[in-house]
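**Student:** show me how the following folds:
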Amino acid sequence: MLAICFRYAKDKDEAEDILQDGFIKAFDKLTDYRFDGSFEGWLKRIFVTTALNYYRSNSKMGFKVDFSEIQESYQADEEVVSENSNLSENELMGLIQSLPNGYKMVFNMYVFEDYSHKEIAETLGISENTSKTQLMKARNFLKKGILEKTTLKKELSFG
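**Tutor:** Predicted structure coming up:
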């Protein structure tokens, strides 16, 4: 569950705070579990919701920001990224952590939690189109980061 919390947090300390809150909520709601789905899925949902609520309550969500102010991401060729990328899991998670909050929330919910754009929109109070746009921008941001890290690794290995 710490991995889920860390995907939404800005650092380890914040992830641990979310983790603690999530376990408290899970224990409080344990009697609500109906055994009609996997316990792990039920538990994950609590931790994702806890992480999202953490950002709402601390006014750290970036959805009220004009995203056009954020520098447009470089459109990288997906084939180049997949063929030439040999980043470690930690490097990739670091890139995901570096996403702006709006991008990171939508990306995590869509990619890791399998939320639909409709569910994301309802959960975050944004439109479905905003969700789709944030996902596209997050992917472009990550592609750019992957290409930059891969290029740097190649330069260092030949240097």
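**Student:** please, where are all the helices along this structure?
**Tutor:** 2-8, 12-28, 39-57, 78-84, 89-97, 101-107, 117-124, 128-158 (DSSP state H).
**Student:** reformat those helices into a markdown table and put mean neighbour count next to each item.
**Tutor:** Glycine gets a C-beta too; all of them are placed from N, C-alpha and C. A markdown table is the format used below for the helices of the chain (neighbours: other Cβ atoms under 10 Å):
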| stretch | mean neighbour count |
| --- | --- |
| helix 2-8 | 20 |
| helix 12-28 | 16 |
| helix 39-57 | 17 |
| helix 78-84 | 12 |
| helix 89-97 | 14 |
| helix 101-107 | 23 |
| helix 117-124 | 17 |
| helix 128-158 | 16 |
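**Student:** least confident of these, on average?
**Tutor:** Here these differ in mean pLDDT, and the lowest is helix 78-84 at a mean of 45.
**Student:** show me how the record splits this protein into domains.
**Tutor:** 1-60, 63-159 (automatic domain parsing).
**Student:** quick one: the first one to chain centroid distance?
**Tutor:** Meaning domain 1-60. Offset of domain 1-60 from its chain centre (Cα atoms, centre = their mean, to the nearest Å): 14 Å.
**Student:** please apply the same query to stretch 108-116.
**Tutor:** Distance of stretch 108-116 from the chain centroid (Cα atoms, centre = their mean) equals 8 Å.
**Student:** list the buried residues for that stretch?
**Tutor:** The neighbour-count check on stretch 108-116 (16 or more other Cβ atoms under 10 Å) flags 108-110, 113, 115 as buried.
**Student:** okay, residue 27 and residue 43: tell me how far apart.
**Tutor:** 11 Å (Cβ to Cβ, to the nearest Å).
**Student:** OK, contacts around the residue nearest the centre of the chain?
**Tutor:** With distances taken as Cα atoms, centre = their mean, the residue of the chain nearest its centroid is residue 108 (3.0 Å). Residues in contact with residue 108 (Cβ atoms under 8 Å, 6 or more residues apart in numbering) are 7-8, 48, 96.
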